[in-house]
Every structure is written in structure tokens, then in C-alpha cells.
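Visitor: Quick one: sequence plus predicted model below, questions after.
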Amino acid sequence: MSSLMWQRHRIRTQDGRRPACRQPQSPILSIAGIWNEWTNRETGEVLKFCAMIITESNAFTAQVHDRMPVLLQPETFDVWLSGKAGEEVLRPAQENMLRRWPVSRRVNSSRTSDEDASLIDAV
């Protein structure tokens, strides 16, 4: 889960700001993912791995990037979590699902505090 998507690629405003994307009707983006764990036979250490499922962009997101995470909708949660979802779930989001706005140029700066919530405010 995430509250927004931010991409460094392709488009910027005239003053160099990049866009963030969010669902206007929900504060959470539910991103399809997979996970597994592996146990080192020699040490017994358990490592957990996870990855987001990525698909091609829809037309809206293609203006920013050539791919996007698979965004699950509430009606697909149960089938996804049960492991019974097919390829029909692994599609780009509907065109009207996300909204985009420019954010601070301080996003992705190593000098910016991780605690600075104003980074994603529209500027």
C-alpha cells in the first residue's frame, strides 16, 4: 500500500517540478505484490523478499513513465489475496483512477528530512 506514486521521468512543470499521482477518492493505493521467504540452511537466518507487480502504463501514466504498478481495487482484494487471481487483474489502472499534481523539488533530495510531509503538497 502507498499513499501516492512519484516518478522522476519524462514530464516536469516549467519550473522543474515533477508530478505525483494519487487516487482522489481514496487515501491509499493498493499495489499488487508478491512475497516469499528463504531460509539459509547453514545459519538458519530467514530472509523475506517482496516485489511490486508492474505492468504497462495506461495513457494517463504514459505521459510520465512507460510502466506502472498494478493497482488493485477493493473488488479484486479477495481474489488477489487468495492466490486465485488471473492475468485479468494484472492490467493498467483505469484512465480516470489517478490525478496528478506538481510537488516540491525537494522530493528525492538527500538533504530533505524523511519526516517532511509537505514534500507532497501541491505547489
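Guide: Sure thing, it's come through. Source: prediction; values computed, not measured.
Visitor: Show me what residue 22 bridges to in the sheet.
Guide: Under DSSP bridges, the beta-bridge partners of residue 22 are residue 99.
Visitor: ok, it touching residue 97?
Guide: No. Here residue 22 lies out of contact with residue 97, judged by Cβ atoms under 8 Å, at a distance of 9.9 Å. Using the backbone N, CA and C atoms, a C-beta is placed for each residue, glycine as well.
Visitor: now the residue nearest to residue 89 when sequence neighbours are not counted: how far from residue 110?
Guide: In space, residue 89 comes closest to residue 76 once its chain neighbours are excluded; the distance is 5.3 Å by Cβ to Cβ, 6 or more residues apart in numbering. Between residue 76 and residue 110 the distance is 37 Å, computed by Cβ to Cβ, to the nearest Å.
Visitor: These two: who's more crowded?
Guide: residue 76 (16 against 4; other Cβ atoms under 10 Å).
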